[in-house]
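Colleague: give me a model of this one.
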Amino acid sequence: MDGYSVRAQDTYGASESLPALLTVVGDVPTGQQSSVSLRIGEAAVAYTGGMLAQGADAVVMIERTLTVDENTIEVTSPVAPGENVVQVSEDVELGDVVLPSAHRIRSQDVGGMLALGITEVEVVRKPRVAIISTGDELVMPDETPKPGQVRDINSYTIAARVTECGAVPVNYDLVPDNFEAQLAVAQRAFDSADVLIFSAGSSLSSRDMTIDVLNRLGEPGALVHGISIKPGKPTIVGIAKGKPLFGLPGNPVSAVVVFDLVVRPIIHLVSGLTESPAWPPVMAILSRDVPSVAGREDHIPVRLHRENGVLCAEPVFGKSNLIFTLVNSDGMMAIPMDDGGRYAGEQVEVRLHGGP
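Modeller: Below is the predicted model:
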């Protein structure tokens, strides 16, 4: 605080009707060591960020003083020892762990380390995440699709999600529904990446070859093919030579849901974290009934808004191949697999888009 260095005991009992009179004997410029010493009944001008006068143990805020003359002030409110003063070791003590290992460095952590003169730390290299989109129907986003074609959006949506995780996305060229072509690209991507993601080709039709491709990359190969969620059931999870492998559904909503639930935590682990950073959900009142089928976990996009000061969640219904059901939503709500749905007026948990 800007004010005056004082001996706290010299201010005891001070009030506006009976102020304590103190003699100003100097000031302590910011950034300099104090050469001023206080005796009984004395004060020194103090500045925010500056040192106290020698013998002082508190600072009286300037707003709690009145100037009598150039050498005398009235203190209209008492202070306690240590008031308005940062104590030695108050922020961090010698021997404290400044930051634990396996910690994701935040902006405030940078400030804390620099305050202690720590200008370099060992970090884990950002993992490279290879993304391969497959399908004869795909064209680049800047092309005009012909009948039967569709622009590739999954590569770029997933890449943006990867960047949010602090990893480095590496997009590969679109690959047709041809096993040899997919295997060649997969092997090239696998050799240079830490995580491999296939978009589309994870279902069971004759055009879906992802699981066969992933099984050719090394042992043990695919571990999971299909999970009990909607959207996102035809999901593949595997590992080869210690590297995580994923086959995401081709529908964009499904791909994003599976990425957030399954892929994101794995990328954090590969990044050196022992658990995903906390991203607290928000609680909201559901504005409409949402039916569900028992035996699967449903994930529903919702739009948040306030009604009479209450946060409400409005379901955004749409097919899993319609990206704007996500664009027009703020987050996702989950319905457990043993639940038949949610009713309007119930409080629900919403997982916001753009988590850590």
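
Colleague: does His299 lie in a helix or a strand, and which?
Modeller: In the assignment (DSSP states H and E), His299 maps to strand 297-307.

Colleague: give me the pLDDT value at the closest residue in space to Ala334 that isn't next to it in sequence.
Modeller: Residue nearest to Ala334 in three dimensions, not counting chain neighbours: His299, with 5.4 Å by CB to CB, 6 or more residues apart in numbering. Quick note: C-beta positions are derived from backbone N, CA and C, even for glycine. His299 is assigned 95 on the pLDDT scale.

Colleague: got the contact list for His299?
Modeller: His299 makes contact with 229-232, 257, 261, 332-335 under the criterion CB atoms under 8 Å, 6 or more residues apart in numbering.

Colleague: quick check: next helix or strand after the strand holding His299?
Modeller: strand 310-315.

Colleague: ok, now how distant is the most far-flung residue of the chain relative to its centre from Ala46?
Modeller: The C-alpha centroid of the chain is most remote from Asp69, which lies 54.5 Å away (CA atoms, centre = their mean). Going from Asp69 to Ala46 by CB to CB, to the nearest Å gives 19 Å.

Colleague: which parts of the chain are helices?
Modeller: Here the chain has its helices, by DSSP state H, at 107-115, 154-164, 179-192, 210-215, 252-258, 264-270, 324-327.

Colleague: give me the neighbour count for the nearest residue to Ala284 once chain neighbours are set aside.
Modeller: Of all residues not flanking Ala284 in the chain, Ala313 sits nearest, at 3.9 Å (CB to CB, 6+ apart). Using other CB atoms under 10 Å, Ala313 has 29 neighbouring residues.

Colleague: and if you look at Ser133?
Modeller: When neighbours are defined as other CB under 10 Å, Ser133 has 24 of them.

Colleague: then Pro220?
Modeller: Look at Pro220: counted by other CB under 10 Å, it has 10 neighbours.

Colleague: bridged to it, which residues?
Modeller: Beta-bridge partners for Pro220, by DSSP bridges, are Ala240.

Colleague: contacts only, for it.
Modeller: So Pro220 contacts 238-240 (CB under 8 Å, 6+ apart).

Colleague: pick the one among the residues you listed closest to Leu217.
Modeller: Ala240 (4.2 Å; CB to CB).

Colleague: mind checking how far that closest one is from Gly26?
Modeller: Ala240 is 73 Å from Gly26, by CB to CB.

Colleague: same drill for these two, tell me which one is more crowded.
Modeller: Neighbours of Ala240 and Gly26, each counted by other CB under 10 Å, are more numerous for Ala240; the result is 19 against 15.

Colleague: the more buried one and Asp2, how far apart?
Modeller: 64 Å.

Colleague: do you know how far the nearest residue to Val290 once chain neighbours are set aside is from Val124?
Modeller: Closest residue to Val290 apart from its sequence neighbours, by CB to CB, 6+ apart: Arg342 at 4.7 Å. Using CB to CB, Arg342 is found at 40 Å from Val124.

Colleague: these two - which one has more neighbours?
Modeller: Shown here are Arg342 and Val124; by other CB under 10 Å, Arg342 has more neighbours (22 against 13).

Colleague: tell me the contacts of the residue nearest to His225 when sequence neighbours are not counted?
Modeller: Closest residue to His225 apart from its sequence neighbours, by CB to CB, 6+ apart: Ile236 at 5.3 Å. Contact partners of Ile236, counting by CB under 8 Å, 6+ apart, are 198, 202, 210-211, 214, 222, 224-225, 245-247.

Colleague: what pLDDT does Ile236 get?
Modeller: 96.

Colleague: partner residues bridging it?
Modeller: Applying DSSP bridges to Ile236 gives these bridge partners: His225, Gly247.

Colleague: how about Ile62, nearest residue that isn't a chain neighbour?
Modeller: In space, and not counting its chain neighbours, Ile62 is closest to Gly3: 4.4 Å by CB to CB, 6+ apart.

Colleague: what's that neighbour in contact with, if anything?
Modeller: Shown in contact with Gly3 (CB under 8 Å, 6+ apart): 46, 59-65, 84.

Colleague: looking at the contacts of His299, which are in strands?
Modeller: Here DSSP state E is the test, and the contacts of His299 give 229-230, 332-335 as lying in strands.

Colleague: can you lay out these as a markdown table showing neighbour count and pLDDT?
Modeller: Below are the ones in strands among the contacts of His299 laid out as a markdown table (neighbours: other CB atoms under 10 Å; pLDDT from 0 to 100):
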| residue | neighbour count | pLDDT |
| --- | --- | --- |
| Ile229 | 19 | 95 |
| Lys230 | 18 | 94 |
| Met332 | 23 | 96 |
| Met333 | 21 | 96 |
| Ala334 | 20 | 95 |
| Ile335 | 21 | 95 |
